[in-house]
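> This is a predicted model, with the sequence first.
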Amino acid sequence: MSTTERMTDSLDSQEVRADLKGMSQAALVRKRFLGHTAAIIAVVLLALVVLLAVTSVGIGPWSGWWKYTWTDTPVLVDGGRPTLQMFPFSLGDHPFGQDSVGRDYFAMTMRGTQISLVITVLVGSISALVGVSVGAASGFFRGWTEAVLMRFTDVVIIIPVLLLGAVIGYNLKAGFVLLGSFLGLVLWTGMARLVRGEFLSLREREFVDAARLAGASSGRIIFKHILPNAVGVITVNTTLLMSSAILLETSLSYLGFGVKAPDTSLGLLISSNQAAFSTRPWLFWWPGLFIVVICLSINFIGDGLRDAFDPQQKKVSLRKVKEQAPSAVVAPIDHTPSATAGGTTPRPEDGR
């Protein structure tokens, strides 16, 4: 190992000891996550998107502050061009423009964002619940339980999700809740395999053996000892599932097998206006922009959670290593026999 690597490892260990002093594991995770700039920006951005989508057009029986709903058809003005202006800032009557029949595109985009977010949360929640249950049971109990559950997982893996989702959406005329629930029931396989591997590793640790010797039941060992140590893998994979879910929902809606009119989603907005791509491109800009923002935000949040739960992701800058180099340099060890035996080192003029 080089001198720079030894200095980096020394600084890492010093910083970890300073962070661990007097802090719980939850406090450490929170501190690392709050120190991840990209993740914090993503959290703020995603929160703003959710707040804008919910408050603007409302949800359920509650109406929002925007003057139009996604079903209103006011008079088409200026060919449906967006009225949003930046200098000077002005929203106008239709900031995102209007579609071919005059519906306000801002209200439609906000409604589509709501539906896409609901599907994303449903997929993440159901996939995490099923995947963790299957992975935990197979990894902890082993034997025939593992054989049956893993073979069932292998069968689900080979199912073409996009094709099956299209069949379900077309034949059952599925609403967005049923669509999200179905996607969650077929996208859990990756989570199950990751959780199984984590449980296989953790069940052999000393604290699990100590819990068994203390008479703890299998359920207590799983929920009180192993599962809290696997929460990092579960959380990160859940964010990845949510990010892929919104893209899958967009694909199904674009193909006409997802969310159905009169409701709408971001993918359905793009699909419904694909013929106007060359004449009214703003009908693609806004739903596409919100899809990109939501996916990137969820991915950056997942990166921040991964770094927070995994201490090995902690990084030390090269500048910091160089600044502390004089105090961190490790002196070379003299391995000559006289040095190790406590004698004097031979001088060159002795001829020996």
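Cool, got the structure. Numbering: from 1, shown residues only.

> in this structure, what spans have low per-residue confidence?
1-23, 169-174, 311-352 (pLDDT under 70).

> longest helix of it?
When the chain is parsed with DSSP state H, its longest helix is helix 105-141.

> Beyond that helix, next helix or strand please.
helix 143-157 (DSSP states H and E).

> Tell me the secondary structure at residue 224.
helix (DSSP: H, G, I helix; E, B strand; the rest coil).

> State the number of residues packed around it.
Other residues near residue 224 come to 12 when the count uses other Cβ atoms under 10 Å. Using the backbone N, CA and C atoms, a C-beta is placed for each residue, glycine as well.

> residues touching it, list them.
By Cβ atoms under 8 Å, 6 or more residues apart in numbering, the contact set of residue 224 is 211, 216.

> again, only this time at 10 Å
Neighbour list for residue 224: 211, 216, 217 [criterion: Cβ atoms under 10 Å, 6 or more residues apart in numbering].

> Any of those buried? List them.
Among those, those buried by neighbour count (16 or more other Cβ atoms under 10 Å) are residue 211.

> Could you dump the contacts of residue 224 into CSV with secondary structure added?
Output for the contacts of residue 224, formatted as CSV (three-state DSSP):
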residue, secondary structure
211, helix
216, coil
217, coil
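
> of the contacts of residue 224, closest to residue 42?
residue 211 (37.2 Å; Cβ to Cβ).

> Verify the stated contact: that closest one with residue 225.
Yes - here residue 211 reaches residue 225: they are 5.3 Å apart, a contact under Cβ atoms under 10 Å.

> who touches both of these two?
In contact with both residue 211 and residue 225: residue 205, using Cβ under 10 Å, 6+ apart.

> The nearest residue to residue 115 once chain neighbours are set aside: neighbour count?
Spatial nearest neighbour of residue 115, excluding adjacent residues (Cβ to Cβ, 6 or more residues apart in numbering): residue 265 at 4.4 Å. Per other Cβ under 10 Å, the neighbour tally for residue 265 reads 31.

> What is the neighbour count of residue 49?
If we define neighbours as other Cβ under 10 Å, then residue 49 has 17 of them.

> which helices and strands sit right next to the helix or strand containing it?
Assigned by DSSP H and E, residue 49 belongs to helix 37-57. Here helix 37-57 touches helix 25-34, helix 105-141, helix 282-309, going by 3 or more Cβ pairs under 10 Å, 6 or more residues apart in numbering; DSSP states H and E.

> and it, which residues are buried?
So, applying 16+ other Cβ under 10 Å, buried residues of helix 37-57: 39, 42, 43, 45, 46, 49, 52, 53, 54, 56, 57.

> for stretch 76-85, same thing?
80, 82, 83, 84.

> and residue 49, what is it in contact with?
110, 113, 117, 290, 293, 294, 297.

> for those residues, which one is nearest residue 239?
Among these, and counting by Cβ to Cβ, the member closest to residue 239 is residue 297, at 9.8 Å.

> The closest one: how many residues sit nearby?
24.

> for it, what are its contacts?
38-39, 41-50, 239, 243.

> picking up where we left off before, Serialize the helices and strands packed on helix 37-57 to JSON lines and add fields for distance to residue 235.
JSON lines is the format used below for the helices and strands packed on helix 37-57 (distance: least, Cβ to Cβ, whole Å):
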{"stretch": "helix 25-34", "distance to residue 235": "10"}
{"stretch": "helix 105-141", "distance to residue 235": "9"}
{"stretch": "helix 282-309", "distance to residue 235": "5"}
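
> Any figure for the gap between the residue nearest to residue 270 when sequence neighbours are not counted and residue 244?
Spatial nearest neighbour of residue 270, excluding adjacent residues (Cβ to Cβ, 6+ apart): residue 287 at 5.4 Å. In this view, residue 287 and residue 244 are 18 Å apart by Cβ to Cβ, to the nearest Å.

> higher neighbour count, the two?
residue 287 (27 against 21).

> Surely the more buried one touches residue 274?
No - Residue 287 sits out of contact with residue 274 when judged by Cβ under 10 Å, with a separation of 11.4 Å.
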